[in-house]
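Enquirer: need the 3D shape of this:
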Amino acid sequence: MNNPVTIPLWAFLLILGFAAITFASHFLFPSVRWFFRHRMERAVTRLNTRLERPIEPFRLLRRYDLIQRLIYDPEVTQAIVDHARETGVREDVAFERARRYAREIVPSFSAFAYFGWGVRGARFLSKALYRVRLGHHDPKELAGIDGEATVVFVMNHRSNMDYVLVTHLAADRSALSYAVGEWAQVWPLAQLIRSMGAYFIRRKSRDALYRKVLRQYVRMATQGGVTQAIFPEGGLSLDGALAPAKLGLLTYMVDGHDLDARDVVFVPVGLNYDRVLEDTVLVGAAKSGGRRFNAKIAHVTRALFKQIWLRIRGKFHRFGYAAVSFGAPLSLRAHPDLINDPQGLADRLMKDVGAVVPVLPVPLVAHLLLAQDQTRTALEAAFETALKGLESSHAHLPRGDIPYAVEVGLRGLEERGLIGKHGEIYLVNKESRDLVEFYANSIRHLF
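Expert: Have a look, this model is predicted:
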């Protein structure tokens, strides 16, 4: 029993390594995790005192626990059984597929990531690229929303900057959970976005099991009071105009929801830009008749370095104005008929979103020049007339001065070669007409 045993050094080191790992996983790691989780909980408690809508307990659950809760949901379990029966695979194989879907969808929200570098990064990027303006909003209406209600910001989708801009402007209200498409599922972007609380969706998936897992997660988040932000159009606008809403996420949120337990309040949000970073890519996709974007990483890198070089040389200037407007909240508890009418709800929300889309100098000048070639003086008169006809809409007038606003709009189009000048008359360049229409379409519905 007490006789020594001789073993090779590599075997001894291997045993020692396994022992160290076992000690760490069973004794050290749990203590360290408890310590950091306890500190995080105290930090979130302090943070919640500053937020208009505190972070919901649902979002603070461990990701592993959320995944387990999702895949053992009775409806998901039944969907696994149905999938196995329909496809002829074993139930354990179908179960693993559902688990994989859940891992793909469920976020790993980090309050530190969101309110630490996330909000700071959004604020820096927004202000570095645009002159950001907060358009129409009624603080009393937003503050008057039931504190226990689930708030859903419903937005038009103009650019991938929408995520950044709204995160920046809503930072004092709450942490938003976005529905993000397949484009973001690349390393390391996916990990960063997931830590910000976003959940991934496959917009074109027809897999019944996947749709059931996604549906149950959205329902769980809605029932848990998670503040969400969705784009009902289902993707970026290719022509700049508002598109009809798709019913997927809206249906998941309201179908079978218990309004007695928790109200759902939709807040319409309208966004607009003097320049959309992806405009040429989106217009190109519209011309090709699909949603295949010609946005190679080389093009993005080249554009990035070009802007950095301009900044180094002191020749960089921001891409005009970007504005966000908030409409009147729509409570499902106040309109219970809409819970069984997803199409009616979608139409109502898109109408409300369209009504608060901000009118900016470049889109309005583009709209006027498409209607008629004009001199600067005539354009200023037409600009003033258009503003009078848009009294119910939010129009941002830089410096409160119409001639300056027209100058801003003309400069934004002229510097990019989208319009030209024949004598004293400004006109849209024939080869750039599609791009000018892209900007005019953003406010076309207001006329």
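Enquirer: show me this structure divided up by domain.
Expert: As recorded under automatic domain parsing, the domains making up the chain are 104-277+319-355, 361-444.
Enquirer: dump the ones you listed to a markdown table, plus mean pLDDT.
Expert: Shown next, in a markdown table, are those (pLDDT from 0 to 100):
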| stretch | mean pLDDT |
| --- | --- |
| domain 104-277+319-355 | 87 |
| domain 361-444 | 91 |
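Enquirer: out of the ones you listed, nearest to residue 54?
Expert: Closest approach to residue 54 among the domains of the chain (C-beta to C-beta): domain 104-277+319-355, 7.7 Å. Heads up, the C-betas are built off the backbone N, CA and C, glycines and all.
Enquirer: first to last residue in that closest one, what's the distance?
Expert: Using C-alpha to C-alpha, to the nearest Å, one end of domain 104-277+319-355 lies 35 Å from the other.
Enquirer: please compute how far that domain lies from its chain's middle.
Expert: The gap between where domain 104-277+319-355 is centred and where its chain is centred comes out at 6 Å by C-alpha atoms, centre = their mean, to the nearest Å.
Enquirer: could you number the chain from 22 rather than 1 from now on?
Expert: In the new numbering, first residue 22, that becomes domain 125-298+340-376.
Enquirer: quick revisit: mind putting the domains of the chain into JSON lines with mean neighbour count and distance to residue 100?
Expert: Listed next are the domains of the chain as JSON lines, based on neighbours: other C-beta atoms under 10 Å; distance: least, C-beta to C-beta, whole Å:
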{"stretch": "domain 125-298+340-376", "mean neighbour count": "19", "distance to residue 100": "4"}
{"stretch": "domain 382-465", "mean neighbour count": "18", "distance to residue 100": "40"}
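Enquirer: any chance of TSV for those, columns distance to residue 40?
Expert: TSV is the format used below for these (distance: least, C-beta to C-beta, whole Å):
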stretch	distance to residue 40
domain 125-298+340-376	30
domain 382-465	64
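Enquirer: tell me the centre residue of this structure?
Expert: Among the residues of the chain, the one closest to the centroid is residue 184, at 3.9 Å (C-alpha atoms, centre = their mean).
Enquirer: my read is that residue is in a helix, agree?
Expert: Yes: looking at residue 184 with DSSP: H, G, I helix; E, B strand; the rest coil, it is inside a helix.
Enquirer: that one: what's it in contact with?
Expert: 199, 201 (C-beta atoms under 8 Å, 6 or more residues apart in numbering).
Enquirer: 10 Å instead?
Expert: 143, 176, 178, 197, 199, 201, 205, 214, 217, 219, 250, 252 (C-beta atoms under 10 Å, 6 or more residues apart in numbering).
Enquirer: distance of the third one from residue 88?
Expert: Going from residue 178 to residue 88 by C-beta to C-beta, to the nearest Å gives 28 Å.
Enquirer: strands of the stretch 272-421 of the chain, residue ranges please.
Expert: Assigned by DSSP state E, counting those that start in this stretch, the stretch 272-421 of the chain shows strands spanning 285-294, 342-347, 351-352, 395-396.
Enquirer: so for residue 233, which of those strands sits nearest?
Expert: Taking the strands of the stretch 272-421 of the chain one by one with C-beta to C-beta, strand 285-294 is closest: 20.7 Å.
Enquirer: okay, now the sheet partners of the closest one, with direction.
Expert: With DSSP bridges as the test, strand 285-294 is paired with strand 171-176 (parallel), strand 342-347 (antiparallel), strand 351-352 (antiparallel).
Enquirer: and residue 463, which of these is closest to it?
Expert: Ranking those by their distance to residue 463 (criterion: C-beta to C-beta) puts strand 342-347 first, at 11.0 Å.
Enquirer: coming back round to it: to residue 391, which of the strands paired with strand 285-294 lies closest?
Expert: Checking those against residue 391 by C-beta to C-beta gives strand 342-347 as the closest, at 19.8 Å.
Enquirer: okay, the closest one in PDB with CA atoms only?
Expert: Backbone C-alpha positions of strand 342-347 (Å, rounded to 0.1, in the frame of the first residue of the first chain) are rendered in PDB as follows:
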ATOM      1  CA  TYR A 342     -28.600  65.500 -40.300                       C
ATOM      2  CA  ALA A 343     -30.100  62.400 -38.800                       C
ATOM      3  CA  ALA A 344     -33.300  62.700 -36.900                       C
ATOM      4  CA  VAL A 345     -35.600  60.400 -34.800                       C
ATOM      5  CA  SER A 346     -39.200  61.200 -33.900                       C
ATOM      6  CA  PHE A 347     -41.400  59.300 -31.400                       C
END
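Enquirer: can you point out the buried residues in stretch 112-126?
Expert: Residues 115-116, 118-120, 122-123, 125-126 are the ones in stretch 112-126 that count as buried (16 or more other C-beta atoms under 10 Å).
Enquirer: got it, and stretch 29-39?
Expert: Result for stretch 29-39 [16+ other C-beta under 10 Å]: no buried residues.
Enquirer: give me the mean pLDDT for that stretch.
Expert: The predicted model assigns stretch 29-39 a mean pLDDT of 77.
Enquirer: ok, and what's touching it?
Expert: With C-beta under 10 Å, 6+ apart as the criterion, stretch 29-39 contacts 27-28.
Enquirer: kindly export it (C-alpha atoms) in PDB.
Expert: In PDB, the C-alpha atoms belonging to stretch 29-39 read as follows (Å, rounded to 0.1, in the frame of the first residue of the first chain):
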ATOM      1  CA  PRO A  29       6.600   9.100 -16.500                       C
ATOM      2  CA  LEU A  30       6.900  12.800 -15.900                       C
ATOM      3  CA  TRP A  31       4.400  13.600 -18.700                       C
ATOM      4  CA  ALA A  32       1.800  11.400 -17.000                       C
ATOM      5  CA  PHE A  33       2.300  13.100 -13.600                       C
ATOM      6  CA  LEU A  34       1.900  16.500 -15.200                       C
ATOM      7  CA  LEU A  35      -1.200  15.300 -17.000                       C
ATOM      8  CA  ILE A  36      -2.700  14.100 -13.700                       C
ATOM      9  CA  LEU A  37      -1.700  17.300 -12.000                       C
ATOM     10  CA  GLY A  38      -3.400  19.300 -14.800                       C
ATOM     11  CA  PHE A  39      -6.600  17.400 -14.500                       C
END
